[in-house]
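Trainee: Take this sequence and fold it.
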Amino acid sequence: MHPSTATSPNSGIISGSSCNSAKSRRGSTESSRSSTRRCLPSKDFQTKTRPTIGELAHRLALRHHTTVELVNRLETAGFVARKPDPADGRQILLHLSQRGIAKLHSLSLAHIEELQVKGPELAKALRSISRRERGSNAA
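Mentor: Numbering: from 1, shown residues only. Next up, the predicted model:
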């Protein structure tokens, strides 16, 4: 990876798994707010790609203009900042602000708590499905 494309601790891109359903919830204002919160950039984005709107759109499976609107909302709320790429001034990189890092942390804690509560139930349901599939494949 080129040194200029390395992400700093305050840069990042959105984690796809938490945002894939944002596309289906675009309808209501409350859903839009919810999807915006769920699409906070991930602090630990560590790939060979740079945190650009195009990369974000790709990871979220959203159109570019939809992703621009999400980033506009995140920027207005103070969660992210757009900064020119020092290596290529034509590119704009996304960076998490301190407020974005704090929000990401609080959301992560909430998700961990939810997994601790619902995780065992989910694991039981998955085991049940797996047993049924094995049973139908054996027949």
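
Trainee: Can you tell me how far E113 is from S106?
Mentor: From E113 across to S106, the span is 11 Å (CB to CB, to the nearest Å). Where you see a C-beta, it was placed from the backbone N, CA and C, and this is true even at glycine.

Trainee: what about H65, neighbour count?
Mentor: In terms of burial, H65 registers 9 neighbours under the definition other CB atoms under 10 Å.

Trainee: Would you mind identifying the next helix or strand past whichever strand or helix holds it?
Mentor: In this structure, H65 sits in helix 64-76 according to DSSP states H and E. Of the helices and strands lying after helix 64-76 in sequence (DSSP H and E), the nearest is strand 80-84.

Trainee: Adjacent strands (with direction) for that following strand?
Mentor: Counting by DSSP bridges, the strands paired with strand 80-84 are strand 92-96 (antiparallel).

Trainee: Quick one: mean pLDDT over the strand it pairs with.
Mentor: Summarised as a single mean, pLDDT over strand 92-96 is 93.

Trainee: what angle separates it from helix 64-76?
Mentor: Comparing the axes of strand 92-96 and helix 64-76 via axes from the mean of the first three to the mean of the last three CA atoms, to 10 degrees yields an angle of 40 degrees.

Trainee: quick one: the helices in this protein?
Mentor: Chain-ordered helices for the chain, with DSSP state H as the definition, fall at 29-38, 53-60, 64-76, 98-138.

Trainee: Who are the packing partners of the helix holding H65?
Mentor: helix 29-38, helix 53-60, strand 80-84 (3 or more CB pairs under 8 Å, 6 or more residues apart in numbering; DSSP states H and E).

Trainee: least reliable of these going by mean pLDDT?
Mentor: When mean pLDDT is averaged over each of the helices and strands packed on helix 64-76, helix 29-38 scores lowest at a mean of 48.

Trainee: Now for V68, how many residues are close by?
Mentor: By other CB under 10 Å, the residues close to V68 number 14.
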